[in-house]
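Trainee: I would like to see how this sequence folds:
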Amino acid sequence: MFKHILIPTDGSPTALKAARAGIRFAAQAGARVTAFHAVEAWQPVYSSAYAADARAFVNFEKRAQQAGEKLVAAVGKLASSAGVPFAALVSEARTPYEGIAEAARKRKCDLIWIGSHGRSGLARLMLGSVALKVVAHAGVPVLVYR
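Mentor: Next comes the predicted model:
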């Protein structure tokens, strides 16, 4: 039924747990996996008292990209050991949920398999739920794994 599964990761234990389960599912379904990490767009702050150093911005972007590549590579190792075809994608996004939805569209994924931290109450209100926002904005089915 599903042939191409997007597995977003933020490197958390919750995301890795979901990735393991998603890869097991992909192996059983004969699907391929794309691991995705969103690098949030950095907005420099300008004021009369502060001017952003362009070198700091370039270094920030480079380090964020490298960190994202390590995160998706960890998912790649899991996929490789399960014999699941794998691709990695790290890209800049305004917000993680927008990046996830866009990656699924661009890569023509037919399922997004995402972990949920399971926050509730004030923590959910303050931090928001990326998984919930993905469900609301993705144009494909979303499986939220807990």
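Trainee: from the chain's centre, how far out does stretch 66-86 sit?
Mentor: Distance of stretch 66-86 from the chain centroid (CA atoms, centre = their mean, to the nearest Å) equals 12 Å.
Trainee: stretch 81-89 now?
Mentor: Relative to its parent chain, stretch 81-89 has a centroid offset of 15 Å by CA atoms, centre = their mean.
Trainee: show me what counts as buried in that stretch.
Mentor: Val84, Phe86, Ala88, Leu89 (16 or more other CB atoms under 10 Å). Quick note: C-beta positions are derived from backbone N, CA and C, even for glycine.
Trainee: helices and strands around the helix or strand where the third one lies, which ones?
Mentor: Following DSSP states H and E, one finds Ala88 within strand 86-93. When contacts are defined as 3 or more CB pairs under 8 Å, 6 or more residues apart in numbering; DSSP states H and E, strand 86-93 packs onto strand 32-40, helix 54-82, helix 96-106.
Trainee: direction included, what does it pair against?
Mentor: Strands that pair with strand 86-93, judged by DSSP bridges, come out as strand 32-40 (parallel).
Trainee: report the angle between the partner strand and helix 54-82.
Mentor: Per axes from the mean of the first three to the mean of the last three CA atoms, to 10 degrees, the angle that strand 32-40 makes with helix 54-82 is 160 degrees.
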